[in-house]
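**Student:** build me a model from this:
(chains A and B, ligands or ions: 2)
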Amino acid sequence: MEDVIVMQNVWKAYPNGVMALNGIDLSVKQGEFVYVVGPSGAGKSTFIKMIFRELKPTRGKIFINNKNIANLRERQVPYFRRKIGVVFQDFRLLPKLTVYENVAFALEVIEEHPRQIKRRVVEVLDLVGLKHKMRSFPDQLSGGEQQRVSIARSICNRPPVLIADEPTGNLDPETSWQIMEVFKRINEQGTTIVMATHNRDIVNKIRHRVVALEGGMIVRDEQEGDYGYEN
Amino acid sequence: MAMKIRTLKRHVNESFKSLGRNGWMTFASVSAVTVSLLLVGLFLMVMFNLNKIAGDIESDVEVRVYLDQSITKTQQKTLEQELQKIPNVQSVRFQSKKEGLDSLLESLGNDKQSFTDLQKENPLPNAFILKTKKPEQTIGVANTVKDYQNVTDVRYGKGTVEKLFRFIRIARNVGIVLIIGLLFTSVFLIANTIKLTIVARRREIEIMKLVGATNAFVRWPYFIEGLVMGVLGSIIPVIVLMVVYRFAYYNLGGNLQQMFIRLIPYQTMTLNLSLLLIGIGALIGVWGSMNSVRKFLKI
Ligand SMILES: Nc1ncnc2c1ncn2[C@@H]1O[C@H](COP(=O)(O)OP(=O)(O)O)[C@@H](O)[C@H]1O
Ligand SMILES: [Mg+2]
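**Tutor:** Ligands and ions are numbered 1, 2, ... in the order given. Alright, predicted model coming up:
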């Protein structure tokens, strides 16, 4: 399998001097599912932001699909981002738009053809099990449902990579399992998933590769690993 | 890359939606542009005309050398040759007292009849009319000629022109300061209106950037919003100035013409001024909006 994400000696210093990542070396293959775990402040969010080019590395190279995004030109960033789906802990939905419109919005602003938009939105809402709530507004949905809408939005442009920063952080355990079910389906379609999480139960029950960060360094990298912390 | 019609429609839609949503701020911004452009327009209208008048007078500058009534033909001939020898003099033309009167009556236009007295007994002397190579040489030439024999009086319009130019310079400086102040206020107000829109839609912009919308795409609605506010603000000034200039030109213009002053023609003035005001309005609007969008795009 092809490597979709490759990090070579990646360092990140924030403007205030905090060293959030200290020499990360890592590669992720097409279709892999990777948990990124570690205590608070370990650098998980920073790591996720690097893949999405929300932040530039201070040093090192980051290849996504064999393209080094560390020296990507500003005007190319939007086009690069279309190939990466992102999911956050706070769902980041637009409250005045319906479920359907929230997902469609993501395709409209990249000027997708209207006919394609309609077909694709219904398709992804079906995938996350919310086709029947298409006309609801976010505040009429549970937290888990809102997160599923946000996941639907993140994959509607068929990105080869999906990154998620604590997607179950705001959800109760039961709802979290639903989210994981959705991720499983997406992963089965060949999408690479990198998920930063604190959720010990999930990591231990649904076994995938585990990358543990501490103080901005990878301290453990195991296939089918466990969470390894007491929380 | 040409924008898709559908995309343009969306941008226009979005911008009008938020113009409506921030109704009062939009109104305030448009009003500010209106007031500024009204003053700018009035100022420009006056300045353009003053400049033209000054130019007219300046290009018309000549030195009139009035001759002693008792001058003989030979003395006149000698004097003409002497005048021609003065370095800065370009041309010398003789104007008989009859010609002088005719041209005076000509310039008085319709009121000619009330000057029948003049026609009976012409009080004007014969004169030489000198043209200098450059307008600013008139003073020197006049001073030289003043002391020549058989010259009773020397007249030139330099003083008037100089005063007019000084006035124009002062008016221009005061006006420019005033106008720059007003224009900046308008830009500021528009920027603030747009900022309100943007803050209200911060989430939206954030998500747009998240899913890979380009900066240009994010910017367009705000660009249109600013443009619309600026151009809306120029409508009333354009109309008002057309009316004002129509009045000034057709009522005042006649009187001024008797004083040898010609205003800029109505159509030339209104066309140029309208385009200029709409242009300034658009510029203010776009500048204001782009100013406030810039920092929100760094997500
Ligand atoms: N914007 C920022 N500016 C300065 N320091 C930051 C910023 N974001 C995170 N950090 C610091 O970088 C380190 C890693 O943070 P983060 O990546 O958020 O860790 P995690 O997601 O694992 O909790 C922490 O020490 C944090 O305080
Ligand atoms: Mg974090």
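
**Student:** could you use CA atoms for every contact and neighbour count after this?
**Tutor:** Fine.

**Student:** looking at chain B, which residue is nearest chain A?
**Tutor:** Closest to chain A within chain B is B:G212: 4.1 Å, counting by Cα to the nearest Cα.

**Student:** tell me the phi and psi of that residue?
**Tutor:** Torsion angles at B:G212 (phi, psi; degrees, to the nearest 10) stand at phi 100, psi 30.

**Student:** partners of B:L130 in the sheet?
**Tutor:** B:V63, B:V92 (DSSP bridges).

**Student:** before we move on, the earlier item: quick one: neighbours of the residue of chain B closest to chain A, just the number.
**Tutor:** B:G212: 22 surrounding residues under other Cα atoms under 10 Å in any protein chain shown.

**Student:** do B:I207 as well
**Tutor:** There are 20 residues near B:I207, going by other Cα under 10 Å.

**Student:** again, but for B:V177
**Tutor:** 11.

**Student:** got phi/psi on it?
**Tutor:** phi -60, psi -50.

**Student:** now swap in B:D68 and tell me
**Tutor:** Dihedral angles for B:D68 - degrees, to the nearest 10 - are phi -60, psi 140.

**Student:** ok, back up a step: excluding covalently adjacent residues, which one is nearest to the residue of chain B closest to chain A?
**Tutor:** A:P78 (4.1 Å; Cα to Cα, 6 or more residues apart in numbering or on different chains).

**Student:** helix or strand: which one has that neighbour?
**Tutor:** Per DSSP states H and E, A:P78 falls inside helix A:77-81.

**Student:** mind listing what's buried in that helix?
**Tutor:** A:77-78, A:80-81 (16 or more other Cα atoms under 10 Å in any protein chain shown).

**Student:** what do you get for stretch A:180-199?
**Tutor:** In stretch A:180-199, counting by 16+ other Cα under 10 Å, buried: A:182-183, A:186-187, A:191-199.

**Student:** same deal with stretch B:33-53?
**Tutor:** Buried, per 16+ other Cα under 10 Å, within stretch B:33-53: B:33-45, B:47-53.

**Student:** about what we covered before: from the contact counts, what lies against the helix or strand just after the helix holding A:P78?
**Tutor:** Counting by DSSP H and E, the next helix or strand C-terminal to helix A:77-81 is strand A:84-87. Judged by 3 or more Cα pairs under 8 Å, 6 or more residues apart in numbering or on different chains; DSSP states H and E, the packing partners of strand A:84-87 are helix A:143-155, strand A:161-165.

**Student:** mind listing what strand A:84-87 pairs with, with the direction of each?
**Tutor:** strand A:161-165 (parallel).

**Student:** now the partner strand, how far from the centre of its chain.
**Tutor:** Offset of strand A:161-165 from its chain centre (Cα atoms, centre = their mean, to the nearest Å): 1 Å.

**Student:** secondary structure, distance to A:G143 and pLDDT added to the buried residues of stretch A:180-199, as a markdown table?
**Tutor:** Output for the buried residues of stretch A:180-199, formatted as a markdown table (DSSP: H, G, I helix; E, B strand; the rest coil; distance: Cα to Cα, whole Å; pLDDT from 0 to 100):
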| residue | secondary structure | distance to A:G143 | pLDDT |
| --- | --- | --- | --- |
| A:V182 | helix | 14 | 95 |
| A:F183 | helix | 16 | 96 |
| A:I186 | helix | 20 | 96 |
| A:N187 | helix | 22 | 96 |
| A:T191 | coil | 24 | 96 |
| A:T192 | strand | 24 | 97 |
| A:I193 | strand | 21 | 98 |
| A:V194 | strand | 21 | 98 |
| A:M195 | strand | 18 | 97 |
| A:A196 | strand | 19 | 97 |
| A:T197 | coil | 17 | 95 |
| A:H198 | coil | 18 | 92 |
| A:N199 | coil | 16 | 93 |
